[in-house]
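S.K.: make a model of this:
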Amino acid sequence: MKKSWKLLSVMMVVALFVLAGCGNSGDKAGESGSGALGKIKERGKLVVGVKFDTKLFGLKDPSSGNVEGFDIDISKQIAKHILGDENAVEFKEVTSKTRIPMLNNDEIDMIVATMTITEQRKKEVDFSDVYFQAGQSLLVKKGSPIKGIEDVKAETTVLGSKGSTSVKNIKEKVPGVKVLEFDNYQDAFNALKAGQGDALTTDDAILYGMSAQDSSYEVVGKPFTDEPYGIAVQKGNSDIVKAINDTLKELHDSGEYDKLYEKWIGKAPEKE
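M.R.: Got it, this is the predicted structure:
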């Protein structure tokens, strides 16, 4: 009888340890299950970092206060997928320099701001699939002797945006070139119009937006880099990445992506 009681006591202790272990495991799973996506759903609003100065992608209308562009419409579709309402989204202004710090400081849930996917940035953030394919080019005043990257020399002054890959790229393409960096693209464009530089460089899609603002400027030459745009989230937020990628797939499958592309870029996207 004593042996049976001892055996029963041991079994009860073991069972308690097993249950405790399961309980802890369940708590962790619950925390993981809620995740970053769960927090967005609980809040009922998606907070997205976008550009306010980039025509065609994210440009704030000073009269209405609304921000419009391709990135804005993509963000609305993500909000619709996650929350069922494309208007359940708040837009916060970011620049090339501030966007990653704002993301990692929990000021925004994701970055949808003409952000090129690079190996270096992958160390700081997680990216979605490519949502827009761009290439770096040059914007000059019509009549400029610069017709492409081959005309940019060490004595050329090129304008760019702080924290952008385009500044790094132009320095690699033309060693010794003088580069003036500005906080945002609109400041860089204003500097170009003020004669502070010979050319402005960034992704061709952004430059086309600038030339649409002022027809006395044009995009010249062929793109000299490959710039795949991705949507960035904090490292480890795989649940948000999946929701974004699912949204992009739905947009492509339904043909809605092509419609948004043509709406803002003015032509159909090139098919692979």
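
S.K.: contacts, neighbours, all on C-alpha from now
M.R.: OK.

S.K.: could you list the domains of the chain?
M.R.: 41-133+229-265, 136-225 (automatic domain parsing).

S.K.: distance from the last one to the middle of the chain?
M.R.: It stands for domain 136-225. Relative to the mean C-alpha coordinate of its chain, domain 136-225 is positioned 21 Å out (C-alpha atoms, centre = their mean, to the nearest Å).

S.K.: report the buried residues of the helix or strand D258 falls within.
M.R.: For D258, the element it lies in under DSSP states H and E is helix 256-265. By neighbour count, with 16 or more other C-alpha atoms under 10 Å as the criterion, the buried positions of helix 256-265 are 257-261, 264-265.

S.K.: pLDDT and distance to G176 added to these, as JSON lines?
M.R.: Supplementary listing: these in JSON lines, determined by pLDDT from 0 to 100; distance: C-alpha to C-alpha, whole Å:
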{"residue": "Y257", "pLDDT": "97", "distance to G176": "41"}
{"residue": "D258", "pLDDT": "97", "distance to G176": "40"}
{"residue": "K259", "pLDDT": "97", "distance to G176": "42"}
{"residue": "L260", "pLDDT": "97", "distance to G176": "40"}
{"residue": "Y261", "pLDDT": "95", "distance to G176": "37"}
{"residue": "W264", "pLDDT": "93", "distance to G176": "36"}
{"residue": "I265", "pLDDT": "88", "distance to G176": "34"}
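
S.K.: between these, which is closest to S164?
M.R.: Nearest to S164 among the buried residues of helix 256-265 is I265, at 21.3 Å by C-alpha to C-alpha.

S.K.: setting aside sequence neighbours, what's the nearest residue to the closest one?
M.R.: Distances taken as C-alpha to C-alpha, 6 or more residues apart in numbering put L56 closest to I265, at 6.8 Å, once the chain neighbours are dropped.

S.K.: ok, which stretches of the chain are helices?
M.R.: Using DSSP state H, the helices of the chain run over 2-43, 70-83, 99-104, 119-122, 165-173, 185-193, 204-213, 238-254, 256-265.

S.K.: output the contacting helices and strands for the fifth one.
M.R.: Just to be clear, that refers to helix 165-173. strand 157-161, strand 178-182, strand 199-203 (3 or more C-alpha pairs under 8 Å, 6 or more residues apart in numbering; DSSP states H and E).

S.K.: neighbouring strands - and their directions - for the second one?
M.R.: Taking DSSP bridges as the criterion, strand 178-182 forms sheet pairs with strand 157-161 (parallel).

S.K.: so what touches the partner strand?
M.R.: 96, 166-167, 177-185, 188, 191-192, 196-202 (C-alpha atoms under 8 Å, 6 or more residues apart in numbering).

S.K.: just name the shakiest helix or strand of this structure by mean pLDDT.
M.R.: Sorting the helices and strands of the chain by mean pLDDT, DSSP states H and E puts helix 2-43 at the bottom, at a mean of 54.

S.K.: please identify the buried residues of stretch 129-145?
M.R.: Buried residues in stretch 129-145 (16+ other C-alpha under 10 Å): 129, 131-141.

S.K.: okay if I get those as JSON lines plus distance to K153 and pLDDT?
M.R.: Converted to JSON lines, the buried residues of stretch 129-145 look like this (distance: C-alpha to C-alpha, whole Å; pLDDT from 0 to 100):
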{"residue": "D129", "distance to K153": "35", "pLDDT": "98"}
{"residue": "Y131", "distance to K153": "33", "pLDDT": "98"}
{"residue": "F132", "distance to K153": "30", "pLDDT": "96"}
{"residue": "Q133", "distance to K153": "27", "pLDDT": "93"}
{"residue": "A134", "distance to K153": "24", "pLDDT": "91"}
{"residue": "G135", "distance to K153": "20", "pLDDT": "93"}
{"residue": "Q136", "distance to K153": "17", "pLDDT": "95"}
{"residue": "S137", "distance to K153": "15", "pLDDT": "96"}
{"residue": "L138", "distance to K153": "13", "pLDDT": "98"}
{"residue": "L139", "distance to K153": "15", "pLDDT": "98"}
{"residue": "V140", "distance to K153": "15", "pLDDT": "98"}
{"residue": "K141", "distance to K153": "17", "pLDDT": "97"}
